[in-house]
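S.K.: how would this look folded up:
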Amino acid sequence: MATRSPITLSRLDVERIEALLETPALRDSPAAEKLRAEFDRADIVEPADMPHDVVSMNSSADCVDESNGKHHTLTLVYPKDADADAGRISVLAPVGSALLGLRVGQGIDWPGHAGKTHRLKVTAIHYQPEAAGDLHR
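M.R.: Presented below is the predicted three-dimensional model:
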């Protein structure tokens, strides 16, 4: 298996997601395992030190599905705020956990319908709480 590039995460995001993952409903879930694996490869920084080109919680990013050329604007949110039709993707969803910590220009592969693999590339970040000074959201 290929080694994935390191990612950068905000300490505040990690603390909040870890608290969410410790709830009985999620503790042993595949989503929790995936996120914990992401934390293991992450460079965790203070919110004020977060690079502005990284997808963090509540960031809104433009992405392109390189498998079909479709463009999407996605906002990475906590489960209670998720609404896929509105482009608000839960960090617990496979694509959400994979987007967390990616930089502009980086991409992810994830399985779609009928076993087709999609490649989603981050092309821009329109809003990132840390860049906007929303450090304690």
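
S.K.: which residue sits closest to Gln106, ignoring its sequence neighbours?
M.R.: Excluding its sequence neighbours, the residue lying closest to Gln106 (Cβ to Cβ, 6 or more residues apart in numbering) is Val122, at 5.9 Å. (Each C-beta comes from the backbone N, C-alpha and C, glycine too.)

S.K.: for the chain, what's the longest strand?
M.R.: Longest among the strand segments of the chain by residue count, using DSSP state E, is strand 117-127.

S.K.: Report the buried residues of the helix or strand of the chain with the lowest mean pLDDT.
M.R.: Of all the helices and strands that make up the chain, strand 107-111 has the lowest average by mean pLDDT, DSSP states H and E, namely a mean of 82. Of the residues in strand 107-111, those with enough neighbours to count as buried (16 or more other Cβ atoms under 10 Å) are 107-108, 110.

S.K.: just those now: which is nearest Leu99?
M.R.: Within the set of those, Ile108 lies nearest Leu99; the separation is 6.7 Å, counting by Cβ to Cβ.

S.K.: And Trp110, how close does it get to Asp49?
M.R.: Using Cβ to Cβ, to the nearest Å, Trp110 is found at 29 Å from Asp49.

S.K.: Identify the residues contacting Leu21.
M.R.: The neighbourhood of Leu21, defined by Cβ atoms under 8 Å, 6 or more residues apart in numbering, consists of 27, 31-32, 35-36.

S.K.: out of those, which is most surrounded?
M.R.: Leu35 (22 neighbours; other Cβ atoms under 10 Å).

S.K.: residues making contact with the one helix or strand that one maps to?
M.R.: Counting by DSSP states H and E, the element that carries Leu35 is helix 30-40. By Cβ under 8 Å, 6+ apart, the surrounding residues in contact with helix 30-40 are 7, 9, 14, 17-18, 21, 26, 91-94, 97, 100-101.

S.K.: leaving aside the residues next to it on the chain, what's closest to Ala84?
M.R.: Closest residue in space to Ala84, ignoring its immediate chain neighbours: Ala93 at 8.0 Å, by Cβ to Cβ, 6+ apart.

S.K.: same thing with Ser59?
M.R.: Leaving aside its sequence neighbours, Ser59 sits nearest to Gln128 (Cβ to Cβ, 6+ apart; 4.5 Å).
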